[in-house]
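K.L.:
Using only what follows, build the 3D model:
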Amino acid sequence: MDIKRIAGDIVSRIKNDKDFSEKFKRDPAAAIETVIGVNLPNDQVNAMIAGVQAKLTSDKAGDLLGSFKKLF
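P.N.:
I've put the predicted structure just below:
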């Protein structure tokens with residue numbers, strides 16, 4: 001299982017699918033398991049949730065930095 005690819009797919013889906021984004025906010029474990037089609041143990045799901053949230057945060061930070069660069 002390619003965790004980085006799956007996390008990237010989930011992040012992309014969160015950004016492009018409002019319904020999925022809301023599902024991820026309400027129940028991230030269920031949202032992730034929907035994408036991968038497998039019921040994972042809690043520790044693995046929690047690691048995946050943390051990875052997706054970190055990717056979303058870094059993407060937002062990158063977008064913000066890009067916006068600042070455009071100002072100058």
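
K.L.:
A7 contacts K55, doesn't it?
P.N.:
Yes: contact between A7 and K55 holds when scored by C-beta atoms under 8 Å: they sit 5.7 Å apart. The C-beta positions use only the backbone N, C-alpha and C, and glycine is treated the same way.

K.L.:
Could you pull up phi and psi at D17?
P.N.:
Dihedral pair for D17: phi -130, psi 100, per degrees, to the nearest 10.

K.L.:
Can you find the helix or strand in the protein with the smallest mean pLDDT?
P.N.:
Every helix and strand of the chain was ranked by mean pLDDT, DSSP states H and E. The lowest is helix 42-71, at a mean of 66.

K.L.:
Go ahead and name everything in contact with stretch 20-32.
P.N.:
Stretch 20-32 has contacts (C-beta atoms under 8 Å, 6 or more residues apart in numbering) with 10, 13-15, 34, 40, 42, 45-46, 48-49, 52-53.

K.L.:
Pull out the buried residues from that stretch.
P.N.:
F20, K23, F24, P28, A29, A31, I32 (16 or more other C-beta atoms under 10 Å).

K.L.:
mind checking the end-to-end distance for stretch 26-40?
P.N.:
18 Å (C-alpha to C-alpha, to the nearest Å).

K.L.:
per-residue confidence averaged over that stretch?
P.N.:
The pLDDT scores in stretch 26-40 average 87.

K.L.:
Next: stretch 3-23.
P.N.:
The average pLDDT for stretch 3-23 rounds to 87.

K.L.:
And that stretch, how far out from the chain middle?
P.N.:
With C-alpha atoms, centre = their mean, to the nearest Å as the basis, stretch 3-23 stands 5 Å off its chain's centre.

K.L.:
how about that stretch: buried residues?
P.N.:
I6, A7, I10, V11, R13, I14, F20, K23.

K.L.:
now stretch 42-58
P.N.:
Buried residues in stretch 42-58 (16+ other C-beta under 10 Å): V45, M48, I49, G51, V52, K55, L56.
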